[in-house]
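Engineer: please work out how this folds:
(one chain, ligands or ions: 1)
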Amino acid sequence: MKKTEKIWLDGKLVKWDDAKVHVLAHGLNYGTGVFEGIRVYETGKGLSIFRLKDHVRRLINGCKVMAIPLEFGGRKYGYDEIFEAIKEVARVNKGVDYVKPCVFLRGENVGLNPVNVPASMAITGVHMGAYLGEVGAGASLITSSWHRPDNLCSPAGAKVNGAYVTSCLAKREAVEQGADEAVMLNSNGYVAECTGENIFFYRNGKILTPKPSNSILEGITRNSVMEVARDMGYEVVETDVSRVEMLTSDEVWMTGTAAEVVSVTSIDRRPVGNGKPGPVTTALHDRFADIVRGKNPKYEAWLDYV
Ligand SMILES: Cc1ncc(COP(=O)(O)O)c(C=O)c1O
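Structural biologist: Numbers count the residues shown, from 1 in each chain. Model (predicted):
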């Protein structure tokens with residue numbers, strides 16, 4: 001991974017090589033942390049962070065769920081300070097297109113008890129590029145043998161570090177089978193989401209996407225694409241989607257901050273539709289690409305200028 005200039009760690013900008021934690025950090029050993037992934041775009045009005053307000057709210061809500069106090073380096077933080085710190089990281093690290101804040105328990109405590117273990121926050125700028133590589137011609141998916149953990153196993157609606165082991169296992173399955181991504185079903189057998197993306201289907205003239213109670217992360221890109229699709233006149237339904245419905249949809253696409261809007265052209269070695277990105281996917285992809293780059297004034301409120 002290409003190093004960037006500065007990492008924000010507990011209120012200070014430090015050099016990449018100096019952003020260190022102890023091997024016994026609670027978060028490293030037990031996954032007690034919450035993170036975000038946020039895209040930075042060049043626009044006609046300068047650098048902008050897409051839906052930063054929503055990402056900061058989701059990060060803070062995740063910390064609330066994990067009961068991690070927002071106190072780092074002896075100082076209490078709130079929404080405004082975190083919002084500004086993320087902007088600062090995007091500003092000082094020239095050319096980054098992604099920012100990853102992570103709040104984690106840094107205390108050197110052996111044992112699972114997270115109560116009163118001190119926390120840290122790191123904000124790293126990243127040169128991400130295209131997260132799923134060059135899949136312009138469409139991504140291939142497999143259905144993972146790992147299920148998306150439901151809300152009784154872990155807070156599915158929060159980006160909790162430890163919960164991502166399932167996504168890593170599913171991603172490994174995909175890569176080892178020569179596919180680009182894996183889709184996970186939930187414990188009821190309905191489609192949940194991909195390892196780091198939500199999933200949409202175009203079927204019988206309607207757009208379908210798994211509803212929040214199907215153990216998904218309510219993606220900010222998912223929310224954006226639903227709103228844009230409705231504005232474009234499509235009917236969008238949040239519902240249960242079966243594996244059969246998934247395999248027989250006319251079009252399928254994934255949405256995520258890192259991946260953006262990516263067409264899926266095969267699932268479990270079966271072509272989706274005619275095996276090429278479809279017109280609905282392409283229209284949404286193109287509309288989204290314009291919005292994030294500030295080329296569509298209707299959605300200007302989603303842009304936070306750095
Ligand atoms: C499991 C999972 N689902 C969906 C998403 C997409 O969410 P967003 O659009 O907010 O990036 C992500 C990425 O954060 C994710 O990790």
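
Engineer: gap between Gly178 and Ile142?
Structural biologist: Distance, Gly178 to Ile142, by CB to CB, to the nearest Å: 9 Å. Where you see a C-beta, it was placed from the backbone N, CA and C, and this is true even at glycine.

Engineer: so which of these two has more stuff around it?
Structural biologist: Ile142 (21 against 9; other CB atoms under 10 Å).

Engineer: just list whatever residues bridge to the more buried one.
Structural biologist: Ala182 (DSSP bridges).

Engineer: got the residues of the stretch 51-200 of the chain near the ligand?
Structural biologist: When proximity is defined as CB under 6 Å from any ligand atom, the stretch 51-200 of the chain approaches the ligand at Lys159, Ser167, Glu193, Gly196, Glu197, Asn198.

Engineer: please repeat the previous calculation with a cut-off of 5 Å.
Structural biologist: For the stretch 51-200 of the chain, the residues in contact with the ligand (CB under 5 Å from any ligand atom) are Glu193, Gly196, Asn198.

Engineer: just the buried members of the residues you listed?
Structural biologist: Buried members of those, counted by 16 or more other CB atoms under 10 Å: Glu193, Gly196, Asn198.

Engineer: contacts only, for the last one.
Structural biologist: To tie it back to what came earlier, the one meant is Asn198. For Asn198, the contact set (CB atoms under 8 Å, 6 or more residues apart in numbering) comprises Thr209, Pro210, Ile216, Leu217, Gly219, Thr221, Arg222, Met254, Thr255, Gly256.

Engineer: do Thr248 as well
Structural biologist: Listed by CB under 8 Å, 6+ apart, the contact set of Thr248 reads Arg203.

Engineer: same thing with Asp240?
Structural biologist: Taking CB under 8 Å, 6+ apart as the contact definition, Asp240 lies against Asn188, Tyr190, Pro210, Lys211, Asn214.

Engineer: again, only using 7 Å
Structural biologist: Residues in contact with Asp240, defined by CB atoms under 7 Å, 6 or more residues apart in numbering, are Tyr190, Lys211, Asn214.

Engineer: need the buried ones from these selected in PyMOL.
Structural biologist: Restricted to buried positions by 16+ other CB under 10 Å, the PyMOL selection for the contacts of Asp240 reads:
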select buried, resi 190+214
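
Engineer: quick check, Gly27 in a strand?
Structural biologist: No - Gly27 is assigned helix when assessed by DSSP: H, G, I helix; E, B strand; the rest coil, not a strand.

Engineer: just give me the neighbour total for the closest residue to it other than its chain neighbours.
Structural biologist: Leaving aside its chain neighbours, Gly27 sits nearest to Phe104 (3.2 Å; criterion: CB to CB, 6 or more residues apart in numbering). Taking other CB under 10 Å as the criterion, the count of residues near Phe104 is 24.

Engineer: what are the pairing partners of the helix or strand where Phe104 lies, and which direction each?
Structural biologist: Using DSSP states H and E, Phe104 sits within strand 98-105. Strands that pair with strand 98-105, judged by DSSP bridges, come out as strand 33-35 (antiparallel), strand 38-43 (antiparallel), strand 119-126 (antiparallel).

Engineer: wait, which of those strands is closest to Asp290?
Structural biologist: Across the strands paired with strand 98-105, Asp290 has its closest neighbour in strand 38-43 (10.4 Å, CB to CB).

Engineer: list the contacts of Asn61.
Structural biologist: Asn61 sits in contact with Ala158, where contact means CB under 7 Å, 6+ apart.

Engineer: helix or strand: which one has it?
Structural biologist: Applying DSSP H and E, one finds Asn61 within helix 52-66.

Engineer: tell me the helix or strand right after that helix.
Structural biologist: strand 71-72.

Engineer: residues touching that next one, excluding its own?
Structural biologist: So strand 71-72 is in contact with Asp10, Gly11, Ala119, Ser120, Met121, going by CB under 7 Å, 6+ apart.

Engineer: contacts only, for the fourth one.
Structural biologist: Applying CB under 7 Å, 6+ apart, one finds that Ser120 lies in contact with Leu9, Asp10, Val21, Phe72, Phe104, Arg106.

Engineer: which two of the residues you listed have the greatest separation?
Structural biologist: Most distant of the contacts of Ser120, by CB to CB, are Val21 and Phe72, 12.3 Å apart.

Engineer: out of those two, which sits in the more crowded spot?
Structural biologist: Using other CB under 10 Å as the criterion, Val21 and Phe72 rank with Phe72 on top: 22 against 16.

Engineer: the closest residue to that one other than its chain neighbours and the ligand, how far apart?
Structural biologist: Of all residues not flanking Phe72 in the chain, Asp10 sits nearest, at 4.2 Å (CB to CB, 6+ apart). Distance, Asp10 to the ligand, by CB to the nearest ligand atom, to the nearest Å: 24 Å.
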